[in-house]
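J.: Model the following, please.
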Amino acid sequence: MARVYNFSAGPSMLPESVLRTAQAEMLEYGSSGQSVMEMSHRSSVYDAIIKETEAALRRVLCIPDNYKVGFIQGGASTQFAMVPMNLMTTGEADYLVTGQFSGKAAKEAEKFGRVNVPASSKDKNFTYIPDVDAVEYSKNASYIHICENNTIYGTRFTKLPHADGVPLVADLSSCILSRPTDVSQYGLIYFGVQKNVAPAGMAVAIIREDLMENARTDIARPAMLDYKTLIDAESMYNTPPCYTIYMMGLVLKWIETEVGGLANMEARNNAKAKLLYDYLDGSSFFSNPVNKPDRSIMNVTFTSPSPELDKKFCAEAAAAGFVNLKGHRSVGGMRASIYNAMPAEGVEKLVEFMKQFEADNA
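T.: Sure, this is the predicted structure:
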């Protein structure tokens, strides 16, 4: 079987060694006589799986002891509501709108309190990140919310917003585990797992304990939308996404043992992105619209001279084994998502294909 190079923005490709381990363990996990897909989440075998997955996440990210971890169903979009329902204690919060997902998060939060938007990059179709040091944050904000890497538009925050005493809440769905992260700079990190971590079906929340314990009291939250309820139950309040958590554990093991940790992962990712951006910057055919200092390392957007050529490029690329390169409908053009599992060879071969396409169509 010939595997394609999958540049999907999510669900995205997984490390091949992880898939082979999952394949080998599909019928029977260890000596349990059953698949992880079948076993009770209350069993001692599965209890060991979920606890080791959390422990591995803590090791890889160096999560401080005063932060709690929750495995939560619903993906990052459910977090758009959980965050204000739990943390908007003053009745308002600041949202920096730098793309579609931060915009959706802000709109969802409006159902639970006042949303201030002290900065946005909508004026230039989200092709840059506002200067976070020049932003005037609200005096009564419960938190500042950002989407740290913008999957659709190909931008990222290279510096975090800061206001004294105001916790930072960040959606890291498309950049988590791509580099070392100082968790202590955030009040809450959340991420959908389907880009860098595991198959789709779950979000992970890493929340500072004092924020969880001092959640807002003016609204009655359903138990499934309450961080304290879920985390106090060790993500076992209900049946968790068992297989997704198992797969996450395999990916974390891959990062620790095969990659050698997040510093090595960052170096790998920077090298892949540099190869692609260097080609785009030297091309007279393809172009990248993003402000250079704000370019994403995970999601690289680009266009050819016309929509017709964009369409032709995507079709010919797919035929050559480079799939899911079509850009988001709100942006057009192309997008190469080069997450952790994308091997350097995939980017090298994509650049070779792009060079040939440019020569044939310029």
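
J.: isn't residue 140 right up against residue 90?
T.: Yes. Using Cβ atoms under 8 Å, residue 140 is in contact with residue 90, at 5.1 Å. Every C-beta, even on glycine, is put in place using the N, C-alpha and C of the backbone.

J.: Between these two, point out the one with more neighbours.
T.: Between residue 140 and residue 90, counted using other Cβ atoms under 10 Å, the more crowded position is residue 90 (16 against 12).

J.: Phi, psi for the more buried one please.
T.: phi -90, psi 0 (degrees, to the nearest 10).

J.: Can you pull the poorly scored residue ranges out of the stretch 251-362 of the chain?
T.: Judged by pLDDT under 70, the stretch 251-362 of the chain has no weakly predicted residues.

J.: so where do the strands sit in it?
T.: Ranges of strands within the stretch 251-362 of the chain are 299-302, 322-323, 334-337, based on DSSP state E, counting those that start in this stretch.

J.: which of these sits most buried?
T.: strand 299-302 (a mean of 26; mean count of other Cβ atoms under 10 Å).

J.: For that one, what is the distance to the chain centroid?
T.: Its chain's average C-alpha position is 15 Å from that of strand 299-302, according to Cα atoms, centre = their mean, to the nearest Å.

J.: what are the C-alpha coordinates of it, in CSV please?
T.: Once non-C-alpha atoms are left out, strand 299-302 reads as follows in CSV (Å, rounded to 0.1, in the frame of the first residue of the first chain):
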residue,chain,number,x,y,z
ASN,A,299,-0.3,25.9,8.4
VAL,A,300,1.2,27.4,5.3
THR,A,301,-1.1,29.2,2.9
PHE,A,302,-0.3,30.1,-0.7
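
J.: and it, which strands flank it?
T.: Strand pairing for strand 299-302, determined by DSSP bridges: strand 334-337 (antiparallel).

J.: residues in contact with the partner strand?
T.: 7-10, 12, 151-152, 154, 174, 195, 276, 298-304, 310, 313-314, 324-328, 347, 350 (Cβ atoms under 8 Å, 6 or more residues apart in numbering).

J.: tell me the contacts of the residue most central in space within the chain?
T.: Taking Cα atoms, centre = their mean, the centroid of the chain lies closest to residue 173, which sits 1.8 Å from it. Residues near residue 173 by Cβ under 8 Å, 6+ apart: 10, 76, 101, 147, 149, 151, 190, 191, 192, 195.

J.: again, but for residue 12
T.: Residues near residue 12 by Cβ under 8 Å, 6+ apart: 6, 194, 195, 196, 337, 339, 341.

J.: mind checking how far the closest residue to the first one other than its chain neighbours is from residue 171?
T.: Distance criterion Cβ to Cβ, 6 or more residues apart in numbering; nearest residue to residue 6, sequence neighbours excluded, is residue 13 at 4.2 Å. If you measure residue 13 against residue 171 using Cβ to Cβ, to the nearest Å, the figure is 21 Å.
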